[in-house]
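Asker: Test case, fold it:
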Amino acid sequence: MKPRLLFATTNAGKVKELRGLLGDAVEVVSLKDLPPIPEPVEDGATFEANAEKKARAYAQASGLAALADDSGLCVDALGGRPGVHSARYAEGDDRARYLKLLGELEGVPEERRTASFQCALCLALPGGKSWLEVGRCEGRILTGPRGSHGFGYDPVFFIPALGKTMAELTAEEKSGVSHRGQAFRKMRPALLGLQTGG
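Answerer: Numbers count the residues shown, from 1 in each chain. A predicted model of the protein is given here:
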């Protein structure tokens with residue numbers, strides 16, 4: 001029987017990315033597939049602290065190996081904001097968040113609009129063992145959205161090396177360069193080790 005892994009998210013986009021990376025080796029379930037579990041408070045000062053807190057809480061509550069990520073956008077001209085508050089940066093949807101960001105950056109010249117997507121990924125077992133990996137993707141914030149793929153801040157995050165925004169990339173291209181893709185690839189050996197009880 002395939003090992004089950006709880007990916008502690010309700011974001012269908014993230015679940016799809018992980019399933020694409022792991023193939024059929026592990027059965028990935030999300031929080032939507034299980035009875036309600038109380039959500040841990042994400043009050044850590046870093047992505048790493050929040051990812052670890054979530055993974056450990058969900059592993060304990062579900063009895064499954066649990067994978068949690070905390071990720072966000074860090075904009076240099078804003079002193080690293082929105083950072084760990086990326087998902088709660090503005091009321092409303094993804095568009096509301098990136099429009100608020102564009103408003104805050106109005107008048108900031110192109111060379112000062114540098115930013116990075118950062119991701120911390122933690123895998124925790126019910127017994128307490130855990131692994132932590134991080135990924136980072138460097139880019140720049142445009143003055144307007146481009147592209148129709150992805151989610152979150154993808155339409156305004158431009159990757160100079162590719163000449164495209166994150167939202168203009170195919171799922172395969174995004175997985176190859178994204179902060180989450182990097183962290184997932186680093187975590188893959190530990191995730192595949194679930195098959196052997198590793």
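Asker: Any buried residues in the least confident helix or strand in the chain by mean pLDDT, and which?
Answerer: In the chain, no helix or strand scores lower on mean pLDDT, DSSP states H and E than helix 12-22, which sits at a mean of 81. Within helix 12-22, the residues scored as buried using 16 or more other Cβ atoms under 10 Å are Lys14, Val15, Glu17, Leu18, Leu21, Leu22. Placement of C-beta: from N, CA and C, glycine included.
Asker: Bridged to the residue most central in space within the chain, which residues?
Answerer: For the chain, the residue nearest the mean C-alpha position is Ser71 (4.3 Å; Cα atoms, centre = their mean). Here Ser71 sits in beta bridges with Cys119, going by DSSP bridges.
Asker: these two touch, right, it and His179?
Answerer: Yes - under the criterion of Cβ atoms under 8 Å, Ser71 makes contact with His179 at 6.1 Å.
Asker: and for those two, which residues touch both?
Answerer: Here Ser71 and His179 have Phe117, Gln118, Cys119 as joint contacts, going by Cβ atoms under 8 Å, 6 or more residues apart in numbering.
Asker: I'd like to know which elements the longest helix seen in the chain is packed against.
Answerer: In the chain, taking DSSP state H as the definition, the longest helix is helix 47-62. Under the contact criterion of 3 or more Cβ pairs under 8 Å, 6 or more residues apart in numbering; DSSP states H and E, helix 47-62 touches strand 4-7, strand 65-75, strand 114-124, strand 130-141.
Asker: CSV for these, including mean pLDDT and distance to Pro160?
Answerer: Shown next, in CSV, are those (pLDDT from 0 to 100; distance: least, Cβ to Cβ, whole Å):
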stretch, mean pLDDT, distance to Pro160
strand 4-7, 94, 31
strand 65-75, 96, 15
strand 114-124, 97, 10
strand 130-141, 97, 6
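Asker: Arg88: which of the ones you listed is closest?
Answerer: For the helices and strands packed on helix 47-62, the distance to Arg88 is smallest for strand 65-75, at 9.7 Å, taking Cβ to Cβ.
Asker: Grab the CA positions of stretch 153-161 and hand them over as PDB.
Answerer: Presented in PDB, the C-alpha positions along stretch 153-161 are these (Å, rounded to 0.1, in the frame of the first residue of the first chain):
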ATOM      1  CA  TYR A 153       1.700  37.300  -6.700                       C
ATOM      2  CA  ASP A 154       2.800  35.300  -9.800                       C
ATOM      3  CA  PRO A 155       1.400  37.900 -12.300                       C
ATOM      4  CA  VAL A 156       3.600  40.700 -11.000                       C
ATOM      5  CA  PHE A 157       6.800  38.700 -10.200                       C
ATOM      6  CA  PHE A 158       9.200  39.000 -13.200                       C
ATOM      7  CA  ILE A 159      12.100  36.600 -13.500                       C
ATOM      8  CA  PRO A 160      14.800  38.400 -15.600                       C
ATOM      9  CA  ALA A 161      16.700  35.200 -16.400                       C
END
